[in-house]
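K.L.:
Predicted model and sequence below, questions to follow.
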Amino acid sequence: MAIASIEIPLKTPMAAFALKDPYGKVYKGDSLAGANGILVVFTCNHCPYAKAVWPRLVRLAEYAMGNGVNVVGINPNIHPHYPEDAPEVMKEKIKEWKINFPYLIDDTQKIAAEFKAQCTPDIFLFNKDRELVYHGRIDDNWQEETRVTREELKDAITKLAKNQPIQGAQYPSLGCSIKWRVNPYN
């Protein structure tokens, strides 16, 4: 069942984090940011929504990094009932999908809860001051890339890099619910 990301006030500060990738290397959120900001995407390997947009996300990461916005993926679905999202499978997906940015493990699910992430993918774009400037979907058609008419996240990255205001509606991202071991919102 698909759920949507929730509205989070713009200018919300980015939660601090230090997470490992599936190879054991630790990354800290503050040191991951580029000159113009950071794109944080909560995602996973098995969700049909996440799988559908992974190729776009990888290409978009190239664009973002070329514009001073670094990218990090965070997998909060480290759960015994979802072996497809396990760190060993993440290693396979990094190679298969040619993921060109850190893809990290939130095995306690604490960071996803601190960000108030709801679904995979759940997308957060922060400026150089680590303030939220965009929280929405990648584009207007997650299912069929050939039918996309608005690349909303790319537009937000472009405006951020040019130090222009990001205006207009920010539509929620849709995806599978995060597979919480214990629901942090109860």
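P.N.:
Received the coordinates, thanks. None of these values were measured; they are calculated from a predicted model.
K.L.:
Pull out the buried residues from the helix or strand bottoming out on mean pLDDT in the chain.
P.N.:
Counting by mean pLDDT, DSSP states H and E, the weakest-scoring helix or strand in the chain turns out to be strand 2-4, with a mean of 90. Buried positions in strand 2-4, judged by neighbour count with 16 or more other CB atoms under 10 Å: Ile3. To be clear about C-beta, it is placed using only N, CA and C from the backbone, and glycine gets the same treatment.
K.L.:
got it, and stretch 70-88?
P.N.:
70-79, 82, 85-87.
K.L.:
then that stretch to CSV, C-alphas only?
P.N.:
Only the C-alpha atoms of stretch 70-88 are listed here, as CSV (Å, rounded to 0.1, in the frame of the first residue of the first chain):
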residue,chain,number,x,y,z
ASN,A,70,25.8,16.3,-2.7
VAL,A,71,23.5,13.3,-2.3
VAL,A,72,23.1,10.6,0.2
GLY,A,73,20.7,7.6,0.2
ILE,A,74,19.6,6.1,3.5
ASN,A,75,18.0,2.7,3.9
PRO,A,76,15.8,2.5,7.0
ASN,A,77,14.3,-0.9,6.0
ILE,A,78,16.8,-3.0,7.8
HIS,A,79,14.2,-5.5,9.1
PRO,A,80,14.2,-9.3,9.4
HIS,A,81,11.0,-9.6,7.3
TYR,A,82,12.6,-7.7,4.4
PRO,A,83,15.8,-9.5,3.5
GLU,A,84,15.9,-7.7,0.1
ASP,A,85,16.9,-4.6,1.9
ALA,A,86,19.7,-6.2,3.9
PRO,A,87,23.2,-4.6,3.7
GLU,A,88,24.6,-7.5,1.7
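K.L.:
Go ahead and measure how far that stretch is from the middle of the chain.
P.N.:
12 Å (CA atoms, centre = their mean, to the nearest Å).
K.L.:
what helix or strand is Tyr171 on?
P.N.:
Using DSSP states H and E, Tyr171 falls within no helix or strand.
K.L.:
From the buried residues of stretch 70-88, which land in helices?
P.N.:
Judged by DSSP state H, the buried residues of stretch 70-88 include Pro87 as members of helices.
K.L.:
what's the closest of the buried residues of stretch 70-88 to Gln118?
P.N.:
Pro76 (10.2 Å; CB to CB).
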